[in-house]
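# Please find the sequence and the predicted model below.
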Amino acid sequence: MNDPKHPLLASLKDATGLRDFSPQQLESAADEIRDVLCNLLATRTAHFASNLGVVELCLALHCEFDFRTDRLIWDTGHQIYPHKLVTGRYHSFPSIRTQGGLMGYPNPHESEYDLFMTGHAGCSVSTAVGLRSGDIMVDQPDRRTVAVIGDGAFPSGIVFEALNNAGHLEDDLTIVLNDNKMSICHRVGAVAGYLDRLRSNPYYTGLKSEVGKLLEQIPMFGDPAERFLAQLKEGVKAGLVGGMLFEELNIRYVGPIDGHDIALVRKYLAMAREMKGPVLLHVVTEKGHGYKPAAADPVFFHTPPAFEDRDGKPVPRHSDGLPPFTVHARDAISQAMAADEKVSVITAAMCQGNKLEPVREKFPKQFFDVGICESHAVAFAAGQCKAGARPIVDIYSTFLQRSYDQIFQEVSLQDLPVVFMLDRAGLTGPDGPTHHGVYDVGYMRLFPNIVVMAPGYAEELGMMLRFALDHNHPCSIRYPKASALQRDQPVPEIELGKSEIIRPGEDGTIVAFGAMLENALAAAEMLEGELDICVVNARFAKPIDEEMVRQSIETGKFVLTVEENAVMGGFGSAFLESAVAQRLDTRGVQTLGLPDSFVEHGDRNELLHQCGLSPEAIAERCRQATPATSTFA
């Protein structure tokens, strides 16, 4: 199929066609990719600046390897768009991040070019080391393996575990370090400083090879002299050449090189491919490269709202609506920090996503960004807490899973009053299954000492944070990526383990946990004149309101529990556990939530309806429940 606007991309059935492109055609293909990306942002929000930055690197990789048989892992796969465009998915690309369309991350169900569904950071090197080892074990040693990892993800602890193993195994492997001085926000930490020094080292160009040749010519006489001169040579290399952190791990360091020079990147990839053992190729790129506004503000343009480009200036397509829970969380955190200088907030490279930039500016001594290191963030918070501070760990639900052991060992077991603010708890819409935060109720409530809460209204979020900071035990507060329902009446204070009846009713009860309160109330309103439905704002999954459980069941009418979380191990499970412990008849109880399967990407409201959690779906479940369960036998 021909496309007059993007003829080169349209001609590619798979990435092998790139090998027939001339250097000029490759540059033109890069221009076409950037044009496609800009056109996409006119229709919907999507990852943008990170994809602009890897265009040339992507083209060079596919020119030098055949990833139908060779192995390619993109770490933190939101920069996968150029890869999809050159691997036979150009014509379906307009569907990306829409329900039933292409995923915004690698997806093995879409293409043989995608091996893992990588949505979290840091695992590419580990899986690449495993792939290479496995290929050797099954007698496929000719397959080449490449992991592409950004400098923002590179400080993740699992990366260094993988490098340690790779240097020990000594299997052939190419690790491409894509260094753009960014994660989502500007990167932080000592590793970032080390990479800055490597990039700015004037010896990494021609002098680097000359120094190496000169050192090889130094004569050695006798064992003591030989040991001394060997140490001298390594010391000079460390001082002039750079990259010794990797060399000491038995990983060959090459670079840094310009990642936007396709011919240069191809040359170095070819060289790394022929080297024995693990090789790290340090590639320097610019996030947002090729679109000046994105290059100037890569933080905003990481995942910008849909915009229209007018003469090189982006004009956002604004959408009206109530402020999201994240804004209310930010404001509550700011108020808490203003009231008590011992209160801190800890984020894991998600300052922008958590909308904490104003907090960072206003309270620099109480703000801590630890990079993409969630396990460290939680253990770090435990240390602060033990010293008398009151840390708030503000991390997306899906990413907090990475610190599971620390929640157990360093927080719950020690009974330290760390406050967990779980943003994006629930369905995250177009980001899909790697980012849906749908397991935190289960993984938080099973630990002793932890209180598990969720606000139904915007006003409750700040109230719950104040409660948590006054509570001398760990607390979890979850809220979704959605607008927050606001209440036009006074909101009762938060009392440990106590729910609130929002709407009385005699024909059945909906017990809503967290933001599902809005859909529960809407369902009850739909049923007016048909059924008189009681709606309860649960507030707590642990400790659960046992009196509410008993009263809801003893009416003899049906009870629906509703949550934007996996049903298995979630709030509904807690409700039933309480009912069983109280020896109550649970035949009239139904638990509504997310299924025991991975929910695909799409519009959040459409996904909720698909999962039976829209107001219409909840109302229909009430109708179905009424005849059979109006009285118990």
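Okay, I see it. Residues are numbered from 1 along each chain as shown.
# what about the residue nearest the centre of the chain, which SS state?
In the chain, the residue lying closest to the centroid (CA atoms, centre = their mean) is residue 120, at 5.0 Å. The three-state label given to residue 120 by DSSP: H, G, I helix; E, B strand; the rest coil is coil.
# residues in contact with it?
Shown in contact with residue 120 (CB atoms under 8 Å, 6 or more residues apart in numbering): 76, 398, 399, 402, 434. For the C-beta atoms, the positions are set from N, CA and C on the backbone; glycine is no exception.
# Repeat that for residue 422.
Listed by CB under 8 Å, 6+ apart, the contact partners of residue 422 are 395, 396, 397, 400, 437, 440, 444, 476, 477, 478, 479.
# distance of it from residue 615?
Taking CB to CB, to the nearest Å as the measure, residue 422 falls 24 Å from residue 615.
# Repeat that for residue 144.
Using CB to CB, residue 144 is found at 52 Å from residue 615.
# can you check residue 532 too?
The gap separating residue 532 from residue 615 is 17 Å, by CB to CB.
# who's more crowded, these two?
Shown here are residue 532 and residue 615; by other CB atoms under 10 Å, residue 615 has more neighbours (20 against 15).
# hang on, isn't that one packed against residue 519?
Yes. At 4.8 Å, residue 615 counts as touching residue 519 under the criterion of CB atoms under 8 Å.
# count of neighbours near the closest residue to residue 437 other than its chain neighbours?
The shortest distance from residue 437 to any residue other than its chain neighbours is 2.6 Å, reached at residue 397 (CB to CB, 6 or more residues apart in numbering). By the criterion of other CB under 10 Å, residue 397 has 29 neighbours.
# low-scoring stretches of the stretch 101-250 of the chain, by residue?
Within the stretch 101-250 of the chain, the segments meeting pLDDT under 70 span 182-243.
# hmm, 90 instead?
For the stretch 101-250 of the chain, the stretches flagged by pLDDT under 90 are 101-108, 110-111, 115-131, 134, 137, 139-142, 150-160, 162-171, 179-250.
# Strands of that one, residue ranges please.
Counting by DSSP state E, counting those that start in this stretch, the stretch 101-250 of the chain has strands at residues 145-150, 173-179.
# any idea how far the residue nearest to residue 605 when sequence neighbours are not counted is from residue 432?
Nearest non-adjacent residue to residue 605, counting by CB to CB, 6+ apart: residue 614, 6.8 Å away. The gap separating residue 614 from residue 432 is 19 Å, by CB to CB.
# Ok, residue 509 next?
Distance from residue 509 to residue 432, counting by CB to CB: 33 Å.
# With residue 626 instead?
From residue 626 to residue 432 the distance is 36 Å (CB to CB).
# Specify which residue of the two has the higher count of neighbours.
Neighbour count, other CB under 10 Å: between residue 626 and residue 432, residue 432 has more, with 23 against 17.
# Break the protein down into its domains, please.
For the chain, automatic domain parsing gives the domain ranges 7-201+242-296, 202-241, 325-478, 500-629.
# roughly how far out does the first one sit from the chain middle?
For domain 7-201+242-296, the distance between its averaged C-alpha position and the chain's averaged C-alpha position is 18 Å (CA atoms, centre = their mean, to the nearest Å).
# helix/strand/coil for residue 266?
In three-state terms, and counting by three-state DSSP, residue 266 is helix.
# Spatially, what comes nearest to it if we skip its sequence neighbours?
Nearest residue to residue 266, sequence neighbours excluded (CB to CB, 6+ apart): residue 60, at 4.6 Å.
# Then residue 451?
residue 475 (4.5 Å).
# and the one you found, what is it in contact with?
By CB under 8 Å, 6+ apart, the contact set of residue 475 is 417, 418, 419, 420, 450, 451, 452, 453, 464, 467, 468.
# need those residues in CSV with neighbour count, can you?
What follows is those, written out as CSV (neighbours: other CB atoms under 10 Å):
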residue, neighbour count
417, 18
418, 27
419, 26
420, 28
450, 20
451, 24
452, 26
453, 29
464, 27
467, 20
468, 24
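# will you turn the residues you listed into TSV that also has pLDDT, secondary structure and distance to residue 51?
Formatted as TSV, these follow (pLDDT from 0 to 100; DSSP: H, G, I helix; E, B strand; the rest coil; distance: CB to CB, whole Å):
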residue	pLDDT	secondary structure	distance to residue 51
417	97	coil	41
418	97	coil	36
419	97	strand	35
420	98	strand	31
450	97	coil	38
451	98	strand	40
452	97	strand	37
453	97	strand	37
464	97	helix	37
467	97	helix	42
468	97	helix	38
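# mind listing the helices for the stretch 201-350 of the chain?
206-216, 222-236, 244-247, 262-274, 292-296, 325-339 (DSSP state H, counting those that start in this stretch).
# chain center to the host helix or strand of residue 622, what's the gap?
Assessed by DSSP states H and E, residue 622 sits inside helix 615-629. Here the centre of helix 615-629 is set off from its chain's centre by 36 Å, with CA atoms, centre = their mean.
# packing partners for that helix?
Helices and strands touching helix 615-629, by 3 or more CB pairs under 8 Å, 6 or more residues apart in numbering; DSSP states H and E, are strand 508-512, helix 517-526, strand 558-566, strand 589-594, helix 604-610.
# In terms of mean pLDDT, which of the domains of the chain ranks lowest?
Lowest mean pLDDT within those: domain 202-241, a mean of 47.
# quick one, the helix or strand that contains the residue nearest to residue 266 and strand 145-150 angle?
Taking DSSP H and E as the definition, residue 60 sits inside helix 55-64. With axes from the mean of the first three to the mean of the last three CA atoms, to 10 degrees as the basis, helix 55-64 and strand 145-150 are set at 180 degrees to each other.
# and the angle for helix 55-64 with strand 173-179?
On the basis of the same axes, to 10 degrees, helix 55-64 is oriented at 160 degrees to strand 173-179.
# elements contacting helix 55-64?
In terms of contacts (3+ CB pairs under 8 Å, 6+ apart), helix 55-64 is packed against helix 23-40, helix 81-86, strand 145-150, strand 173-179, helix 262-274.
# could I get the ones you listed as CSV with distance to residue 330 and mean neighbour count?
CSV is the format used below for those (distance: least, CB to CB, whole Å; neighbours: other CB atoms under 10 Å):
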stretch, distance to residue 330, mean neighbour count
helix 23-40, 28, 18
helix 81-86, 29, 26
strand 145-150, 26, 27
strand 173-179, 30, 27
helix 262-274, 40, 18
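# For residue 329, find the nearest of these.
Closest to residue 329 of the helices and strands packed on helix 55-64, according to CB to CB: strand 145-150, at 26.8 Å.
# the inter-axis angle of that closest one versus helix 262-274?
Relative orientation of strand 145-150 versus helix 262-274 (the same axes, to 10 degrees): 130 degrees.
# What are the contacting residues of strand 145-150?
By CB under 8 Å, 6+ apart, strand 145-150 touches 50, 54, 57, 61, 65, 67, 70-76, 79, 121-122, 124-125, 127-128, 131-132, 135, 159, 172-180, 182-183.
# Filter those residues down to the buried ones.
Buried residues within the contacts of strand 145-150, counting neighbours by 16 or more other CB atoms under 10 Å: 50, 54, 57, 61, 65, 67, 70-76, 79, 121-122, 124-125, 127-128, 131-132, 135, 159, 172-180, 182-183.
# quick revisit: so which of the contacts of residue 422 are in helices?
Using DSSP state H, the subset of the contacts of residue 422 located in helices is 397, 400, 440, 444.
# Just among those residues, which is most surrounded?
Within these, residue 400 tops the neighbour count with 31 neighbours, counted by other CB under 10 Å.
# how close does it get to residue 418?
For residue 400, the distance to residue 418 equals 11 Å [CB to CB].
# And residue 555, by the same measure?
Counting by CB to CB, the separation of residue 555 from residue 418 is 38 Å.
# on that earlier part again, now for the residue nearest to residue 605: which residues touch it?
519, 605, 608.
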